[in-house]
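Q: The sequence and its predicted three-dimensional model are supplied below.
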Amino acid sequence: MNPMTGQHAHALARPPRSTDPSPEGGSRARVLMWCLWDTGTSAYNSVMLTFVFTVYLTSSAFGSAEYTSTVLSVAMTVAGFAIALTAPIVGQRSDTPRSRASFLTVNTAVLVACTALCFFARPEPGYLYLGVGLVAAGSVAQEFATVSYNAMLPALAGPARMGKVSGWGWGAGYVGGIFALAFVLFGFVTPGFLGIPTDDALNYRAVALFSAAWILVLCLPMSLAARSMPFRAHDGAVHGPSPAATPTLGGLAGPDVPVSPPATRRRGIIGPYRELFATVAGLWRVSRATVFFLLSSAVYRDGLAGVFTFGGVLAAGSFDFSLTEVILFAVAANLIAALGAFVGGSLDDALGPRRVIVGSLVGVMAAGVVLLFWHGKPAFWVCGLALCLFVGPAQAASRTYLGRLIPPGRDGEIYGLYATTGRAVSFMAPGLFGIFVSLLGAQIYGILGILVVVAVGLALLLLTPRPPEGFTTAQV
């Protein structure tokens, strides 16, 4: 792709800061509701999937550790395949105001129901499949709802505030997960101040009811207001309660990108996939930057996920952290990541998401390299928290980078592709972590696997061409 001329670069310059105190396309109240949704669903990730309920399901009450872990792994793998195959289609079909609101609300309700029903997974082998199946189904529902949730960002925030709003949403998710996890650990588990009996694992099962209530309460405002959220139509106009106050983002779609109105889109089973391939082909012809970014972000996002996936494992196995120290580090890590997301959001709007992502990935790699050579608990606290500081901005800025590239009317579909590409390469960081541990004979060298994935993603991002004129709403 030809380098951008000075005139072209000027066309992509950051838009002037709005004098309206509310974000373009949505009031402060709508932005708050949008952020609260992430705060609510984060309890599912931190409590149900990572630290508490899956630990309960893989305990000896349900069978051997090998058997229960295998069952959980298979279930989550199936869920991942389901998401990878269907997320773009779910997003495609949510590219109308009513359907987007419906997909968000219905899938949030399914997530709440699956979480609450986990209460009935009694500590007996016969209930293992029930518990694991519900956790996997909830994971699918959450991912589908997240596609619609992410698709609201471009119209809700507008180009001048997209970074800040995305950063606050991502940071709110980190903070929500920590508060939910802390309440569960001290209220239900260790032993809980709520005084819930431990007979029949009632305290662990009650965690599911608490998590369901947490998700319901914090996600309810967004679910009720979903139909009133601003919506970016296929013609580029932003529609909402006060259309006159919102900018028109026309000119995004290139002439060769098939951007059909929702009423003319193909239905059935095969039709949506044909339309999806046509969209990708059109993007490849007109804005290869979008396709390259989907690929590069999938790779480095897997590396960033590996920081949290293996952080606790490394703390305990290579740096002799006790369980209490691991929990304290997890709390600190999420708070630091939230701080990074908050600050990174403002830098995103000022500098552009590409610079924020590149700087964050370089920071992750630098902290990881230092950790390889500096041993001891102080080293892990310093370098581990530095790693987490850069994860938040990179994740939040990735969402806005894509949001600035999506043709109008395709927000749901392209964010669905964003989910699919992430799932497609999710084996890289875990696989390379294990390979380096096996080859070099020490767990600490698993860090190299994570760094390799981040480095490959960074290299692909640096090779990603700049978007053509008219294909971005602001500086990227």
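A: Nice, thanks for sending it over. What you are looking at is a predicted structure, and each value in this text was computed from that prediction instead of being measured. Numbers count the residues shown, from 1 in each chain.
Q: Quick one: list the elements packing against the helix ranked longest in the chain.
A: Secondary structure of the chain read by DSSP state H shows that its longest helix is helix 288-318. Under the contact criterion of 3 or more Cβ pairs under 8 Å, 6 or more residues apart in numbering; DSSP states H and E, helix 288-318 touches helix 270-286, helix 323-351, helix 353-373, helix 377-403, helix 411-424, helix 428-440, helix 446-463. Using the backbone N, CA and C atoms, a C-beta is placed for each residue, glycine as well.
Q: For it, list every residue counted as buried.
A: Residues of helix 288-318 classed as buried by neighbour count (16 or more other Cβ atoms under 10 Å): 289-312, 314-316, 318.
Q: Ok, stretch 370-381 next?
A: In stretch 370-381, counting by 16+ other Cβ under 10 Å, buried: 371, 380-381.
Q: which residue of the protein sits farthest from its center?
A: The C-alpha centroid of the chain is most remote from residue 199, which lies 36.2 Å away (Cα atoms, centre = their mean).
Q: can you pull the pLDDT of it?
A: pLDDT for residue 199: 90.
Q: Convert the C-alpha atoms of the helix or strand hosting residue 156 to PDB, please.
A: Assigned by DSSP states H and E, residue 156 belongs to helix 153-157. Provided in PDB are the C-alpha atoms of helix 153-157 (Å, rounded to 0.1, in the frame of the first residue of the first chain):
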ATOM      1  CA  LEU A 153     -18.500   1.700  21.300                       C
ATOM      2  CA  PRO A 154     -18.000   3.700  18.000                       C
ATOM      3  CA  ALA A 155     -21.400   5.400  18.100                       C
ATOM      4  CA  LEU A 156     -21.500   5.800  21.900                       C
ATOM      5  CA  ALA A 157     -18.100   7.500  22.200                       C
END
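Q: Could you write out the alpha-carbon coordinates of the next helix or strand after it in PDB?
A: Counting by DSSP H and E, the next helix or strand C-terminal to helix 153-157 is helix 162-184. Taking Å, rounded to 0.1, in the frame of the first residue of the first chain, the C-alpha atoms of helix 162-184 are listed here in PDB:
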ATOM      1  CA  MET A 162     -13.300   6.500  21.900                       C
ATOM      2  CA  GLY A 163     -10.000   5.900  23.600                       C
ATOM      3  CA  LYS A 164     -11.100   7.400  26.900                       C
ATOM      4  CA  VAL A 165     -14.500   5.500  27.000                       C
ATOM      5  CA  SER A 166     -12.900   2.200  26.000                       C
ATOM      6  CA  GLY A 167     -10.200   2.600  28.700                       C
ATOM      7  CA  TRP A 168     -12.700   3.400  31.400                       C
ATOM      8  CA  GLY A 169     -14.800   0.400  30.400                       C
ATOM      9  CA  TRP A 170     -11.800  -1.900  30.400                       C
ATOM     10  CA  GLY A 171     -10.600  -0.500  33.700                       C
ATOM     11  CA  ALA A 172     -14.000  -0.800  35.300                       C
ATOM     12  CA  GLY A 173     -14.000  -4.400  34.300                       C
ATOM     13  CA  TYR A 174     -10.700  -5.000  36.100                       C
ATOM     14  CA  VAL A 175     -11.900  -3.100  39.200                       C
ATOM     15  CA  GLY A 176     -15.200  -5.000  39.300                       C
ATOM     16  CA  GLY A 177     -13.500  -8.300  39.000                       C
ATOM     17  CA  ILE A 178     -11.300  -7.500  42.000                       C
ATOM     18  CA  PHE A 179     -14.100  -6.300  44.200                       C
ATOM     19  CA  ALA A 180     -16.200  -9.400  43.400                       C
ATOM     20  CA  LEU A 181     -13.300 -11.700  44.000                       C
ATOM     21  CA  ALA A 182     -12.400 -10.100  47.200                       C
ATOM     22  CA  PHE A 183     -15.900 -10.300  48.500                       C
ATOM     23  CA  VAL A 184     -16.100 -14.000  47.600                       C
END
